[in-house]
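Colleague: Here is a sequence with its predicted model. Questions after.
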Amino acid sequence: MSDKSSTSDTPDTRTPAQIEADIKRRRDTLAETLDEIGVRVHPKTIVGDAKAKVASQVDHTLGRAYVGANRLVSEVKGQLVSEEGAPRLERIVPVAIVVVGVVGLLAVGSRRRKR
C-alpha cells in the first residue's frame, strides 16, 4: 500500500514524528474498523437484524393483505349497495339464498358424519 506523499521512486521525506502520527492514525482507523466488524458479526446483532428483516416482511405482507381485503370489501359493497347507499335486493337475495343453501348442506353433512 503506497502513501500519497511517497512513491516507490522517491525517498520518504516525512519526519519521524509524521511517520509516528501516520502510524497512530492508521492504528486508530484499523481499531475502529475491527470494532465495527465485531459488532456486525456479534450473534445478538445478527439475530436483531434477522428479526428486523422478518418484522419488515411481515408488516409488508400484512399491509398488502389489508389492502387486498379492503379492495375486496369495497368491490362486494359496490355490487350489493347502490350509489345512493340503498341495498340492491335483486343482488342480495340470490346471494343470501346461496349462502343459506351452502350452510344447510354443511349442517346436513356434519350430522351424517356424526351418526
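Modeller: Noted; the coordinates are in hand. Numbers count the residues shown, from 1 in each chain.

Colleague: Check the secondary structure at residue 11 for me.
Modeller: Under DSSP: H, G, I helix; E, B strand; the rest coil, residue 11 falls in the coil class.

Colleague: after the strand or helix carrying residue 23 comes which helix or strand?
Modeller: Residue 23 is part of helix 16-41, with elements assigned from DSSP states H and E. Using DSSP H and E, the helix or strand that follows helix 16-41 in sequence is helix 43-80.

Colleague: got the buried residues for that following helix?
Modeller: Residues of helix 43-80 classed as buried: none (neighbour count, 16 or more other Cβ atoms under 10 Å). Bear in mind the C-beta positions are built from the backbone N, C-alpha and C, glycine included.

Colleague: tell me the average confidence for the helix or strand just after it?
Modeller: Once the chain leaves helix 43-80, the next helix or strand it forms, by DSSP H and E, is helix 89-114. Helix 89-114 comes out with an average pLDDT of 89.

Colleague: before we move on, what about stretch 45-58?
Modeller: 93.

Colleague: Angles on the backbone of the residue nearest to residue 82 when sequence neighbours are not counted, please.
Modeller: Distances taken as Cβ to Cβ, 6 or more residues apart in numbering put residue 88 closest to residue 82, at 5.6 Å, once the chain neighbours are dropped. When read as degrees, to the nearest 10, the backbone of residue 88 gives phi -90, psi 90.

Colleague: In contact with residue 88, which residues?
Modeller: When contacts are counted by Cβ atoms under 8 Å, 6 or more residues apart in numbering, residue 88 touches 79-82.

Colleague: If we use 10 Å, what do you get?
Modeller: Applying Cβ atoms under 10 Å, 6 or more residues apart in numbering, one finds that residue 88 lies in contact with 78-82.
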